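> below are the sequence and a predicted model for it; my questions follow.
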Amino acid sequence: MRNQLYLLLLGIFVLITLNKSVHVSAQNYISFGKQKHRHDDMQQMEQPLSGIQIHKTVLALTKSASIHVVGPMLLGSKGEDFEWVTINLRNANPTNDDWVGVFSPAKFNESFCPPVTIDEQQFGAPFLCTAPLKFKYANYQNANYTKTGRTSLKFRLINQRGDFSFAFFSGGLLNPKLISVSNFIAFANPKAPLYPRLALGKSWDIMTVTWTSGYNIDEAVPFVEWGWKGQEQKRSPAGTLTFHRNSMCGTPARSVGWRDPGFIHTSFLKDLWPNMEYTYKLGHMLNNGSIVWSKQYSFKSAPFPGQESLQRIVIFGDMGKQERDGSNEYANYQPGSLMTTDTLIKDLDNIDAVFLIGDLPYANGYISQWDQFTAQVEPITSRVPFMIASGNHERTWENTGSLYTGIDSGGECGVPAETLYYVPAENRAKFWYAADYGMFHFCIGDTEHDWREGSEQYKFIEQCFASANRHKQPWLIFAAHRVLGYSSNDWYAKEGSFEEPMGREHLQKLWQKYKVDMAFYGHVHNYERVCPIYQNQCVNKETSHYSGVVNGTIHVVVGGGGSNLNRFTTINTTWSLFKDYDYGFVKLTAFDQSNLLFEYKKSKDGKVYDSFTISRDYKDVLACVHDGCEPTTLAS
């Protein structure tokens, strides 16, 4: 009876704390009542793993059901970092609610279940308290399963520093009954260095490499071996970080969503020559002197700041992740994620850097999903700098210093993002930073922290804008996750603001003063381009080609990286030039100091659906614009 009462109480608690991620406005800006539409809009975006009430699992092993791994038994025997695995299922009493979960480590019932309250300590822990890495219904692609009670499933497993087992459940996701457990399988080297992630350093001649492994510093020394392609290689040391369950701020990250993230290593490749092709590979020197190597990768170093050459930057937000094996029913959760990933991979020879401006995997406290995400984007991140911004699904959590109320991060409060990905910020917990690439100067904001005038971040943003040498780097770009400029999205329209409250009220004076060319945002899952604008007024009548003095900043929402799309308002927003309810990204191509091409491409085909060009001379950048003029004197 006590166990039943315990499960009931824990179930109520977890259902409350695992409630769907909610977009809510900045604290005290808008009443909660006006935010209800955001809550409703987010219901369909719930992390699929949160639908599994794993803590309510009942042990019901039976000989009438079985699950068995057909093969392969040893994964990655030739150095692969993923494998397709086939399992066979048999159930004498099949139902459409039967499902299979993938667990790692394989002995999933030995997980530590932290008590939530003193009363729960008294009742004891549930049988299971760790969510699976992924799941599939037994009838996936087999309508005859409920008739025959037999089927096969295929799962794509990535190396995640542990062995694997498959658990067969009846009772659906809400009342799971464990009826059979498979044999165990593992990768040949589960600790291997994997998923390199390049990022620009604090100066143009530094490339950083971050990767994940199972080796702590007491087992192996991490380093990168690198150099010019085909030339003698050298070695650079790497630092090692990790985070723990108590680094998380709440449930599910501290409870059912927790999984050991392994060790995250970062090395700084310094004194790069501009525009050179470098090769690199990751290494771990074991205590016996032997070395565990990754495969070899390559990248092209950044141009010298101001150098005129062909420079191509991709920008988008809200990517999410998607399983190639169809598990987790992700087709209804982040259906554009793989389309965006694969389209970028196909065009990678024509991309120099990628900026993903917030909301990366939507792990929402299920830490294993960060591995899945780093594996998905690895073909991109291993070859070009992959710069990120902080989104609400990385950072926002109650009473942790977030500007916004809400539980969007699932208890992560920014820790996985800031540890797994490097950005050249002074303090990575405060995710604002500057980055240079050739003729581009980027100022990346963190909308989960205060940006208002007088704040620490506001001072940084102004300093970042002011530091741009517009002769060498004429293309000045601002980017942040939430919309601080303009959006015709439905929930913003209902608030009457068409932006995050107080966004442009504080920042538009800086955009105008420093003649910021473009500002990019995610958070809203669609695409929209706004006219060059200042104080709600279009300041240039052109739509496809801008020449000379532009007079205002062009604002762009590009949040269609992969997660569920958001509807536009029916209100006619006169400043909006192009809207698209689809998945896509923006590509900026700088040809020289005077000419830039803007393209919006759809993820489904990589074709251009909106574009414009800018042509101007240096004197046009210096020219006086309204509220952007330096004081003058009559003295000669």
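Received the coordinates, thanks.
> what comes up buried for stretch 57-76?
In terms of neighbour count (16 or more other C-beta atoms under 10 Å), stretch 57-76 has its buried residues at 57, 58, 65, 66, 67, 69, 75, 76. (C-beta placed from N, C-alpha, C; glycine too.)
> also stretch 486-495?
Of the residues in stretch 486-495, 486, 487, 488, 489, 490, 491, 492, 493, 495 count as buried by neighbour count, 16+ other C-beta under 10 Å.
> quick one: which of those residues is nearest residue 529?
Relative to residue 529, the closest of the buried residues of stretch 486-495 is residue 486; by C-beta to C-beta it sits at 9.8 Å.
> got a list of what that closest one touches?
498, 499, 504, 528, 530, 533, 555, 557, 573, 575, 576 (C-beta atoms under 8 Å, 6 or more residues apart in numbering).
> quick one: what helix or strand has the fourth one in it?
Yep, that's residue 528 we're talking about. Using DSSP states H and E, residue 528 sits in strand 527-534.
> so what touches that strand?
The contact list for strand 527-534 (C-beta under 8 Å, 6+ apart) reads 485-489, 508, 511-512, 538-540, 543, 546, 550-560, 568, 575-580, 582, 584, 600, 610, 612, 626-627.
> check stretch 584-591 too.
Around stretch 584-591, the neighbours that count as contacts under C-beta under 8 Å, 6+ apart are 310-316, 340, 344, 351, 438-440, 475, 477, 518, 520, 527, 556, 558, 560-561, 596-603, 609.
> can you select the buried ones from the residues you listed in PyMOL?
Burial among the contacts of stretch 584-591 is assessed by 16+ other C-beta under 10 Å; the matching PyMOL selection reads:
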select buried, resi 311+312+313+314+315+316+340+344+351+438+439+440+475+477+518+520+527+556+558+560+561+596+598+599+600+601+602+603
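> which of the contacts of stretch 584-591 fall in strands?
If you go by DSSP state E, the contacts of stretch 584-591 have 311-316, 440, 475, 477, 518, 520, 527, 556, 558, 596-602, 609 in strands.
> OK, contacts around the most centrally placed residue in the chain?
By C-alpha atoms, centre = their mean, the chain has its centre lying nearest to residue 360, at 1.1 Å. Contacts for residue 360 (C-beta under 8 Å, 6+ apart) come out as 319, 320, 373, 388, 391, 393, 394, 417, 421.
> measure residue 616 to residue 538 for me?
The spacing between residue 616 and residue 538, counted by C-beta to C-beta, to the nearest Å, is 18 Å.
> ok, residue 60 next?
Residue 60 sits 65 Å away from residue 538, going by C-beta to C-beta.
> so residue 266 sits right up against residue 239, yeah?
Yes - contact criterion C-beta atoms under 8 Å: residue 266 and residue 239 qualify, at 5.4 Å.
> tell me which of these two has more neighbours.
residue 266 (20 against 12; other C-beta atoms under 10 Å).
> okay, and the nearest residue to that one once chain neighbours are set aside sits in which element?
Distances taken as C-beta to C-beta, 6 or more residues apart in numbering place residue 210 nearest to residue 266, at 4.5 Å, with adjacent residues excluded. Taking DSSP H and E as the definition, one finds residue 210 inside strand 207-213.
> what does residue 136 give?
Element membership for residue 136 (DSSP H and E) is strand 134-137.
> thought residue 229 was touching residue 298?
Yes - applying C-beta under 8 Å, one finds residue 229 in contact with residue 298, separated by 6.5 Å.
> what's the separation between residue 601 and residue 624?
35 Å.
> how about residue 252?
54 Å.
> got it, and residue 127?
Residue 127 sits 71 Å away from residue 624, going by C-beta to C-beta.
> looking at the two, which is more packed in?
residue 127 (18 against 9).
> for that one, give its distance to residue 357.
Residue 127 is 41 Å from residue 357, by C-beta to C-beta.
> who's in contact with the closest residue to residue 307 other than its chain neighbours?
Leaving aside its chain neighbours, residue 307 sits nearest to residue 438 (5.7 Å; criterion: C-beta to C-beta, 6+ apart). Contact analysis of residue 438 by C-beta under 8 Å, 6+ apart lists 302, 303, 304, 305, 306, 307, 309, 311, 352, 473, 590.
> which residues touch the third one?
If you count contacts by C-beta under 8 Å, 6+ apart, residue 304 has them with 204, 274, 438.
> so what's the residue count around residue 456?
For residue 456, the neighbour count with other C-beta under 10 Å is 12.
> report the separation between it and residue 510.
Look at residue 456 and residue 510: by C-beta to C-beta, they are 15 Å apart.
> wait, isn't residue 554 in contact with residue 517?
Yes - contact criterion C-beta under 8 Å: residue 554 and residue 517 qualify, at 6.8 Å.
> looking at those two, which is more packed in?
Shown here are residue 554 and residue 517; by other C-beta under 10 Å, residue 517 has more neighbours (25 against 22).
> quick check: closest non-adjacent residue to that one.
Once flanking residues are discounted, residue 517 sits nearest to residue 476: 5.3 Å by C-beta to C-beta, 6+ apart.
> wait, isn't the one you found in contact with residue 511?
No - the criterion here is C-beta under 8 Å, and residue 476 misses it with residue 511 at 9.4 Å.
> please say which of these two ends up with more neighbours.
Each of residue 476 and residue 511 has its neighbours counted (other C-beta under 10 Å); residue 511 has more, 25 against 22.
> mind listing what that one touches?
Neighbouring residues of residue 511 by C-beta under 8 Å, 6+ apart: 478, 504, 519, 534, 553.
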